[in-house]
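Enquirer: Fold the following, please.
(2 chains)
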Number of protein chains: 2
Amino acid sequence: MTTYRDAGVDIQAGEALVERIKPLVRSTFTSGVLADIGAFGAFFAPDFSCFRQPVLVASVDGVGTKLKVAFLMNRHDTVGQDLVNHCVNDIAVCGAQPLFFLDYLATGRLRPEVAEEIIQGFVEACKANGCALIGGETAEMPDFYAPEEYDLAGMIVGIVEREAILDGRHVTDGDVLIGLPSTGLHTNGYSLARKVLLSHFSVHDRPALLGGASVGEALLAVHRSYLQPIRALIDAACVHAFVHVTGGGIPGNTVRVVPKGLRFEVDYTAWERPPIFRLIQELGQVPEDDMRRTFNLGIGLIAIVPADRKAEAMACLEALGEHPVEIGKIVTA
Amino acid sequence: MTTYRDAGVDIQAGEALVERIKPLVRSTFTSGVLADIGAFGAFFAPDFSCFRQPVLVASVDGVGTKLKVAFLMNRHDTVGQDLVNHCVNDIAVCGAQPLFFLDYLATGRLRPEVAEEIIQGFVEACKANGCALIGGETAEMPDFYAPEEYDLAGMIVGIVEREAILDGRHVTDGDVLIGLPSTGLHTNGYSLARKVLLSHFSVHDRPALLGGASVGEALLAVHRSYLQPIRALIDAACVHAFVHVTGGGIPGNTVRVVPKGLRFEVDYTAWERPPIFRLIQELGQVPEDDMRRTFNLGIGLIAIVPADRKAEAMACLEALGEHPVEIGKIVTA
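Expert: This is a model prediction of the structure:
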């Protein structure tokens, strides 16, 4: 691995790229980063002083076939944001605060200008989430990837007080499901979405239903971070659990935090489904159940809150400029 | 991401695979793993009690085009070991002890039997290094990867006492370079090695120079872990720095830990170069300098030790069954 601290990316990336990205990457450094030391690994000293029993929370993810849309659009500054935000959400819903992120970029032929755009995406999202970009690996693998293509993976580590871990154990009968809007498909369902949409449109077409956006723009909408609303609800002690709605949709992910003996009910008419999902369903004649198990359908995060804290939770979220919607509840099975 | 704790790999991997790998993955769990909690991230509680200023050390890496040899041999239980050991070495040379590992596996079409072999490799190497395999992501991306192919990335996190970080600052004039043998190419130089060897041989050929091994077997030799000798030298306070010899060879990596005002000298005749490297050089008419900057040439780890501790360091390594060789020294620039 190469640490971004000293060398930027792998040797073959060339001096020019390294010099260009160095200040970018450095701009993500938080107080935990031990800069200017070491050579083979990247160092991070968390501030453990505010934890009695600190627990590390880790997650690894990819962007999946959303990358194909980036290739078609020749736009590479958003996919890094998708990946960081996806990783941040996955550990934030456990109650953790992000500490640092590392990336893996594999490509057929490294184009420094594309690599720089990708890293700009990582940097932007890392800064927005207070997460340091401390290292990465850039691999040129001409026999694996098409010359203009690449794959990305990201790994995040965060920290949580042991007693503050959120894993669904507090979820109880009568809890309310509050949904927060997604910005689009986030990073799931792209195989189906591409199959349906790109057999009817090019990425540059602007179907009326999308209100001015091109198909490619709508598909590339950045997977948002929910770190701020998650932290606000935790700080207000208003929440029993969170659900990050990714592959498997609302049902596939909510089930992960519902204890035995309970189940969840969702009213799918409680919010307006964004146009991109209606377009996919109509054009592809996709059965409603497949839609629900493939896409977030406009809800990217669910907060499961005690019934008697619902009003407070809604107010807390609205104060942040969020648009929370009550979408369901927990009931006995 | 999916945590191996609860689900094994991604939903589409199928129940059968999940059930098969669950006990395998669990066998890597160390006391830090918080099992049976959480859903979106993986939890690890390091034992901080023996650290005054604990620092986390992270690294991410891939296997590179060595994977192509695994595809040709249809053998998938070694590449996971390569990846874990590469990651372990990268943080061990910083003075860190490994805590946990996460993997990313991307493939054109998930074949459960192949995925299981790969994960067996992760498991075997994680166990051997006392490192818990706590999570991973399995992505099926048919438009990115050939149906029978895959790419792998791994991320490791370890821990080190801040004052015990090894980064070359203690390296001084007169220090001795002690090399430890590699097991083969480890994970570097495979593009050149494949180009040369596979234009003369199939992976199943057994050239006399390899002493019975096939070309494929020699190329797939597992990147070994140096954790044990590294820890032994650290515990004996016999070492100023370590060099993990990866891409860039001995010169490209040793330079990372040599302070300004000093340089290193290596006697390339001090050890016998393993046959695989001689075969590549002869068949490919590869210039000596390219050999040195591409391959480890038989030395996978270098310990930089004070001159007056050399005998003790050699004895310490030999007691472990290692075959250390004095290969050079640090001199003023």
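Enquirer: Look up how far B:V239 lies from the residue of the stretch 201-333 of chain A found nearest chain B.
Expert: Of all residues in the stretch 201-333 of chain A, A:R256 sits closest to chain B, at 3.7 Å by CB to the nearest CB. C-beta here means a position set from N, CA and C on the backbone, and glycine is covered the same way. In this view, A:R256 and B:V239 are 46 Å apart by CB to CB, to the nearest Å.
Enquirer: domains for chain A, by residue range?
Expert: For chain A, the structural domains run A:2-164, A:176-332, going by automatic domain parsing.
Enquirer: What are the phi and psi values at the residue lying closest to A:G168 once chain neighbours are set aside?
Expert: The shortest distance from A:G168 to any non-neighbouring residue, by CB to CB, 6 or more residues apart in numbering or on different chains, is to A:V257 (3.1 Å). With angles defined as degrees, to the nearest 10, A:V257 sits at phi -120, psi 10.
Enquirer: A:Q81 against A:V123, yeah?
Expert: No. Counting by CB atoms under 8 Å, A:Q81 stays clear of A:V123, with 9.3 Å between them.
Enquirer: so what's the backbone phi/psi at the closest residue in space to A:G108 that isn't next to it in sequence?
Expert: Leaving aside its chain neighbours, A:G108 sits nearest to A:Y145 (3.7 Å; criterion: CB to CB, 6+ apart). Note on A:Y145: its backbone torsions stand at phi -120, psi 150 [degrees, to the nearest 10].
Enquirer: repeat for A:A153
Expert: phi -130, psi 150.
Enquirer: For chain A, just list every one of the helices.
Expert: A:15-26, A:66-73, A:79-92, A:112-128, A:190-197, A:215-220, A:227-235, A:249-254, A:275-284, A:288-294, A:310-319 (DSSP state H).
Enquirer: Return the most buried member of the ones you listed.
Expert: helix A:79-92 (a mean of 28; mean count of other CB atoms under 10 Å in any protein chain shown).
Enquirer: Pull it out as PDB, backbone CA atoms only.
Expert: The C-alpha trace of helix A:79-92 is given here as PDB (Å, rounded to 0.1, in the frame of the first residue of the first chain):
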ATOM      1  CA  VAL A  79     -18.300   8.000  -7.500                       C
ATOM      2  CA  GLY A  80     -15.700   8.600  -4.700                       C
ATOM      3  CA  GLN A  81     -18.300  10.600  -2.800                       C
ATOM      4  CA  ASP A  82     -20.800   7.700  -3.200                       C
ATOM      5  CA  LEU A  83     -18.300   5.300  -1.800                       C
ATOM      6  CA  VAL A  84     -17.200   7.400   1.200                       C
ATOM      7  CA  ASN A  85     -20.800   8.300   2.100                       C
ATOM      8  CA  HIS A  86     -22.000   4.700   1.800                       C
ATOM      9  CA  CYS A  87     -19.200   3.600   4.100                       C
ATOM     10  CA  VAL A  88     -19.900   6.500   6.600                       C
ATOM     11  CA  ASN A  89     -23.600   5.600   6.700                       C
ATOM     12  CA  ASP A  90     -22.900   1.900   7.300                       C
ATOM     13  CA  ILE A  91     -20.900   2.600  10.500                       C
ATOM     14  CA  ALA A  92     -22.900   5.700  11.600                       C
END
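Enquirer: right, is it up against chain B?
Expert: Yes. Helix A:79-92 reaches chain B (CB under 8 Å from any CB of the partner chain) through A:87, A:89-91.
Enquirer: Which strands and helices lie in contact with that helix?
Expert: Under the contact definition 3 or more CB pairs under 8 Å, 6 or more residues apart in numbering or on different chains; DSSP states H and E, helix A:79-92 sits against strand A:54-62, helix A:66-73, strand A:97-107, helix A:112-128, strand A:150-161, helix A:227-235, strand A:241-244.
Enquirer: Try it again at 6 Å.
Expert: If contacts are counted by 3 or more CB pairs under 6 Å, 6 or more residues apart in numbering or on different chains; DSSP states H and E, helix A:79-92 sits against strand A:54-62, helix A:112-128, strand A:150-161, helix A:227-235.
Enquirer: Which residues of chain A lie near chain B?
Expert: For chain A, the contact set with chain B under CB under 6 Å from any CB of the partner chain comprises A:1, A:11, A:37-45, A:55-62, A:64-65, A:90-91, A:93-94, A:102, A:104, A:106, A:137, A:139, A:141, A:151, A:153, A:155, A:157, A:167, A:244, A:248, A:256-257.
Enquirer: just the buried members of these?
Expert: Neighbour counting with 16 or more other CB atoms under 10 Å in any protein chain shown marks A:1, A:37-45, A:55-62, A:64-65, A:90-91, A:93-94, A:102, A:104, A:106, A:137, A:139, A:141, A:151, A:153, A:155, A:157, A:167, A:244, A:248, A:256-257 as buried within the residues of chain A next to chain B.
Enquirer: Can you report how many residues neighbour A:C50?
Expert: 9 (other CB atoms under 10 Å in any protein chain shown).
Enquirer: if I look at the residue nearest to A:L219 when sequence neighbours are not counted, how far off is A:G32?
Expert: Of all residues not flanking A:L219 in the chain, A:V69 sits nearest, at 4.6 Å (CB to CB, 6+ apart). Distance check for A:V69 against A:G32: by CB to CB, it reads 34 Å.
Enquirer: Now do the same contact list for the nearest residue to A:L56 once chain neighbours are set aside.
Expert: Leaving aside its chain neighbours, A:L56 sits nearest to B:F44 (4.8 Å; criterion: CB to CB, 6+ apart). Shown in contact with B:F44 (CB atoms under 6 Å, 6 or more residues apart in numbering or on different chains): A:56, B:32-33, B:100.
Enquirer: What's opposite B:F44 in the beta bridge?
Expert: A:L56, B:V33 (DSSP bridges).
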